[in-house]
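1. take a look and give me a structure for this.
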Amino acid sequence: MSNDTASRGLRDISSPTPIPAPDDSGHEVKEIVERLTQLGTVLFVDGAIIGGDRVTGRSHGGYGNEEVVGLAVAIEISADLAASANRLLSAGHAYSAAVLLRQIIEVEYLVWLFANDPAAARAWLNAGEDEMRSTFRPATIRKKAEGHFSADEYHYHCELGGHPTPHARDLLSNHSRGADASWLWDELECHLARLSQGVERALDRMNLGYLLQTTPAS
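-> Got it, this is the predicted structure:
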């Protein structure tokens, strides 16, 4: 085999094949990402300006309402993760997308917590390292949720994309065990939809449901 042939072969191997989205999953994911991005920005501005936390000196960061800002930051994180997962799947990087999907699930946990206890959004925004590891770790939130979340589902995503394990072989496009990963589109859409439902409940709990009408999906 000539050096030129070998070089061409290596270039082919290093280029993953884009993963097509089944049915309308790709379109739905894009719409949810756009909506979360817009909502996170609007909500952050609202929480930064409106509210009495700054006046009373209660806010550590000079925000108007730290509960709203905490929720906004979580939404912004989810939007960034989802947009990146979308790009990675479109480029054929299934394993990397699975890593981000596990993170999206953790934000889903947080949003559920904030919807059920808005004060937790303030606590999370100002939490130190120890509090993050105890109060806001996924297992702690899952215990509070009392069956709302599946431990098996979370651990499955940890094994698949949360930690470097041999299971990653199934999602590596150039590996001999690499398999069809188009199902990740459905998983991404499912968890973003669940997260969005949690966001709606949190906004209603904070009396900010009207923001859902001011940030339509494009």
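2. how about the contacts made by the nearest residue in space to residue 62 that is not next to it in sequence?
-> Closest residue in space to residue 62, ignoring its immediate chain neighbours: residue 54 at 5.4 Å, by C-beta to C-beta, 6 or more residues apart in numbering. Bear in mind the C-beta positions are built from the backbone N, C-alpha and C, glycine included. By C-beta atoms under 8 Å, 6 or more residues apart in numbering, residue 54 lies in contact with 62, 63, 64.
3. which of those residues are buried?
-> Neighbour-count burial (16 or more other C-beta atoms under 10 Å) is assigned, among the contacts of residue 54, to 63, 64.
4. how about the contacts of residue 54 in a markdown table, adding pLDDT, distance to residue 157 and secondary structure?
-> Formatted as a markdown table, the contacts of residue 54 follow (pLDDT from 0 to 100; distance: C-beta to C-beta, whole Å; DSSP: H, G, I helix; E, B strand; the rest coil):
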| residue | pLDDT | distance to residue 157 | secondary structure |
| --- | --- | --- | --- |
| 62 | 95 | 37 | coil |
| 63 | 97 | 32 | coil |
| 64 | 97 | 36 | coil |
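5. ok, so of the contacts of residue 54, who is nearest residue 125?
-> residue 63 (8.4 Å; C-beta to C-beta).
6. that closest one against residue 56, yeah?
-> No: with contact defined as C-beta atoms under 8 Å, residue 63 does not reach residue 56; the gap is 11.5 Å.
7. and the strands in the chain?
-> Counting by DSSP state E, the chain forms no strands at all.
8. any low-confidence regions in it?
-> Along the chain, segments meeting pLDDT under 70 span 1-14, 24-25, 174-179, 214-218.
9. neighbouring contacts of stretch 115-128?
-> Contacts to stretch 115-128, defined as C-beta under 8 Å, 6+ apart, come from residues 60-61, 66-71, 73-74, 110, 113-114, 131-132, 135-136, 144, 198-199, 201-202, 205-206.
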